[in-house]
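# This is a predicted model, with the sequence first.
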Amino acid sequence: MPEDPIEHIDFESLNNSAISAPLISHIYTADPSAHVFNGKIYIYPSHDIDAGDAFDDLGSHFAMEDYHVLSMSHPTDTVATDHGLALHVKDVPWASKQMWAPDAAEKDGKFYLFFPAKDQEGIFRIGVAVSNDPAGPFLPQPKAIKGSFSIDPAVFKDDDGSYYMYFGGIWGGQLQRWRNGTFNAGQPESPVAFLPEANEPALFPKVARLTDDLFEFAETPMDLLIIDEQGKPLLQGDTDRRFFEASWMHKYEGKYYFSYSTGDTHYLCYAIGDNPYGPFTYAGRILEPVVGWTSHHSICDFEGKTYLFYHDSSLSKGVTHLRCVKLTELTYDKKGFINTIKPYK
């Protein structure tokens, strides 16, 4: 992956100019998925560790092996509570390594943790674990979701009680290796192998409604189409706007807002649609680039306000795979467009 020019950054000045501080600092966390359960904010991040893996464009250095759950009584809290180990890869029968960005949902008093990990063959799948407590610990299902693949599950509950999973990520997330419906393990072992050409439609995230028990897909995952102002699919070469990873869905004033990361161009963007399946029309940027290469987020309402949960690498002074979760208020203009946030003043 391209490296940030961090050697010229004054991190003391950067932290002084940051619009928000890390929610915890005793461990490294990233990819925060935030939800309100039982009147509190619970955050489900990935847990960054320094495992000594080589840096490469497939994300091998993102060697996370467990999850911790964080909570806050209110967004104005300066520090979140770490509830400790919620799930470890060694307790997941089908998984071998790389427990990347998770999400969570609640149904009928039970709490569900959705997470990606590589199986014994090195293929990313998505699993489910269950708890009676939003903080865990979580008991994993013995097998991954049938037909699941790639990374970054985000589960959205619509107003009618239906649950949908949005997922996918290119490069190390392997979405490009599923273009023909089966996993293409062919060479070269490159993040850009099997991607569309620049003038072809980009690869899009996937969406599928979940079964009533939230353990399986109720339908075959399908593309979630992101289009431009003329109704045409975003192209692979449109790297400032096309989907890379980090799906999230929320609603505002009856509209569906699908947000995501552009990956190698470092933006958090969003698109607006009229139903959970789309199509979604590109609408703008949510967050300008942060220090640390990756960008991954969630959006959560609490007591009449909306908050963006995100991460950067300021705590580790720019180390790409050692990040810290943060939050800031998110606002809309009178037309329903999100006001772009600058992470540093």
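The structure has been received and is ready for your questions.

# going forward, measure contacts and count neighbours with C-alpha atoms only.
Noted.

# quick one: low-confidence parts of the stretch 51-200 of the chain?
53-54 (pLDDT under 70).

# so where do the strands sit in it?
Per DSSP state E, counting those that start in this stretch, the stretch 51-200 of the chain carries strands over the ranges 66-72, 81-88, 95-97, 103-107, 110-119, 124-131, 139-140, 154-157, 163-167.

# Quick check: buried residues in the longest one?
Applying a neighbour-count criterion of 16 or more other CA atoms under 10 Å, the buried positions in strand 110-119 are 111-119.

# and it with strand 124-131, angle?
150 degrees (axes from the mean of the first three to the mean of the last three CA atoms, to 10 degrees).

# got a list of contacts for strand 110-119?
With CA atoms under 8 Å, 6 or more residues apart in numbering as the test, strand 110-119 has contacts from 94-106, 123-134, 138, 150-155, 214.

# now do the third one
Contacts to strand 95-97, defined as CA under 8 Å, 6+ apart, come from residues 63-65, 89-90, 117-120, 122.

# Partner strands of that strand and their direction?
When pairs are called by DSSP bridges, strand 95-97 turns out to pair with strand 110-119 (antiparallel).

# Alpha carbons of the strand it pairs with, as CSV, please.
Written as CSV, here are the backbone C-alpha positions of strand 110-119 (Å, rounded to 0.1, in the frame of the first residue of the first chain):
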residue,chain,number,x,y,z
LYS,A,110,-29.9,-11.0,21.9
PHE,A,111,-26.8,-9.4,20.4
TYR,A,112,-25.1,-10.6,17.2
LEU,A,113,-21.5,-9.9,16.3
PHE,A,114,-20.8,-10.2,12.5
PHE,A,115,-17.1,-10.5,11.6
PRO,A,116,-14.8,-11.4,8.7
ALA,A,117,-11.9,-13.7,9.0
LYS,A,118,-9.8,-15.9,6.7
ASP,A,119,-10.8,-19.6,6.7
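
# That one to strand 81-88, inter-axis angle?
Using the same axes, to 10 degrees: strand 110-119 against strand 81-88 is 50 degrees.

# buried stuff in stretch 128-142?
Buried residues in stretch 128-142 (16+ other CA under 10 Å): 128-131, 134-141.

# From one end of it to the other, what's the distance?
9 Å (CA to CA, to the nearest Å).

# circling back: rebuild the strands of the stretch 51-200 of the chain as JSON lines, extending it with distance to residue 345.
Converted to JSON lines, those look like this (distance: least, CA to CA, whole Å):
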{"stretch": "strand 66-72", "distance to residue 345": "25"}
{"stretch": "strand 81-88", "distance to residue 345": "27"}
{"stretch": "strand 95-97", "distance to residue 345": "38"}
{"stretch": "strand 103-107", "distance to residue 345": "30"}
{"stretch": "strand 110-119", "distance to residue 345": "34"}
{"stretch": "strand 124-131", "distance to residue 345": "38"}
{"stretch": "strand 139-140", "distance to residue 345": "42"}
{"stretch": "strand 154-157", "distance to residue 345": "30"}
{"stretch": "strand 163-167", "distance to residue 345": "32"}
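
# do you know which of these lies nearest residue 183?
Nearest to residue 183, of all these, is strand 124-131, at 10.1 Å by CA to CA.

# Work out the gap between the closest one and the centre of the chain.
Remark: strand 124-131 is offset 15 Å from the chain centroid, using CA atoms, centre = their mean, to the nearest Å.

# ok, and what's touching it?
110-119, 137-141, 143-145, 148-151, 153, 173-174, 215.

# got the angle for that strand vs strand 103-107?
40 degrees.

# Could you spell out the sheet neighbours of strand 124-131, each with its direction?
When DSSP bridges is applied, strand 124-131 pairs with strand 110-119 (antiparallel), strand 139-140 (antiparallel).

# Rebuild the ones you listed as a markdown table, extending it with distance to residue 222.
Shown next, in a markdown table, are those (distance: least, CA to CA, whole Å):
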| stretch | distance to residue 222 |
| --- | --- |
| strand 110-119 | 18 |
| strand 139-140 | 25 |
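
# Leaving out chain neighbours, which residue sits closest to residue 174?
residue 150 (5.5 Å; CA to CA, 6 or more residues apart in numbering).

# Who are the contact partners of that neighbour?
116, 123-126, 167-169, 173-175.

# now it: how far from residue 78?
Distance, residue 150 to residue 78, using CA to CA: 34 Å.
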